[in-house]
Each structure stands twice: as structure tokens, then as C-alpha cells.
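how would this look folded up:
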Amino acid sequence: MSRYNTHRKLLNSSEYYQPLRKSRNKEKGLTHYETPVLYHPSVVDRANIATTTHVWTAADRYYNLAARYYGDPKLWWIIAWYNGRPTEGDISPGDLITIPLSAQEIIQLLGVG
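Numbering: from 1, shown residues only. Just a heads-up that it's a prediction; the model follows:
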């Protein structure tokens with residue numbers, strides 16, 4: 001399930017992107033997606049979400065955790081968003097992160113599903 005399924009698409013054929021289109025063999029243009037506007041859950045909303053904790057190791061990656069907990073590595077962004085740490089570079093080994101147990105619940109809460 002993609003978080004972009006309900007968002008508008010734009011076929012960008014701007015000359016600025018010509019070298020990128022050529023390298024990707026996309027003569028007609030590149031598909032760009034509308035940026036979703038996320039709802040920011042309240043403290044009460046977040047308190048009602050079942051979570052687990054995970055101690056970050058040097059080998060961890062968001063997509064591996066998403067595959068383990070949600071069965072879909074494409075949902076890595078849920079763990080990143082929930083912890084307010086957009087990339088693995090923002091986490092150090094030994095840090096404790098929180099993983100929401102229901103990806104579908106988060107997607108509905110954020111209004112992107």
C-alpha cells in the first residue's frame with residue numbers, strides 16, 4: 001500500500017530534468033507526486049496507539065524494521081515519522097525508538113490512506 005495512492009500526479013517534462021529523464025529512459029517526463037499534508041496527532045491520539053520499543057543497533061534500517069513489523073518495507077516512513085527521525089543517520093546505536101504496531105492505524109490517523 002503506497003501512501004501516494006490518493007495524491008495527484010504530475011508528468012514533469014521540464015528541460016531542467018532532461019539529463020535525468022535521459023538517464024532513466026523517460027523521454028515523455030518524470031512522474032512527480034503531490035506532497036501529502038499529514039495530520040499531526042494529539043498526545044491523546046498517540047497514547048491510544050499500541051507500540052513496542054526497539055533498541056537501535058548499527059545494523060538496523062527502517063525498511064528492515066517495517067518489513068518485520070508490517071510485512072512491507074515500503075512502510076519505513078511510519079517508523080521514521082513516529083520517532084521524529086527522518087533518516088537512520090539521526091539515530092545512534094543504543095537509542096530507544098518506538099514502533100507503532102499497526103501501520104494501518106497510523107495511516108488512517110494521518111489521513112493518508
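
wait, what's in contact with L30?
L30 sits next to L11, N12, S13, Y17, L20, R21, R24 when contact means CB atoms under 8 Å, 6 or more residues apart in numbering. To be clear about C-beta, it is placed using only N, CA and C from the backbone, and glycine gets the same treatment.

leaving out sequence neighbours, find the closest residue to the fifth one.
Closest residue to L20 in three dimensions, ignoring its sequence neighbours and counting by CB to CB, 6 or more residues apart in numbering: L30, at 6.7 Å.

dig out what that neighbour forms beta bridges with.
N12 (DSSP bridges).

ok, T98 next?
T98 has these beta-bridge partners by DSSP bridges: T53.

is it true that it touches A50?
No. Contact between T98 and A50 fails when scored by CB atoms under 8 Å: they sit 10.7 Å apart.

state the distance from the residue nearest to the spatial centre of the chain to H54.
Closest residue to the average C-alpha location of the chain: W77 at 2.1 Å, with CA atoms, centre = their mean. Using CB to CB, to the nearest Å, W77 is found at 16 Å from H54.

re the thing from before, and the residue nearest to the centre of the chain, how far from H40?
Counting by CB to CB, the separation of W77 from H40 is 15 Å.

okay, now the unreliable bits of this protein?
Along the chain, segments meeting pLDDT under 70 span 1-7, 36, 113.
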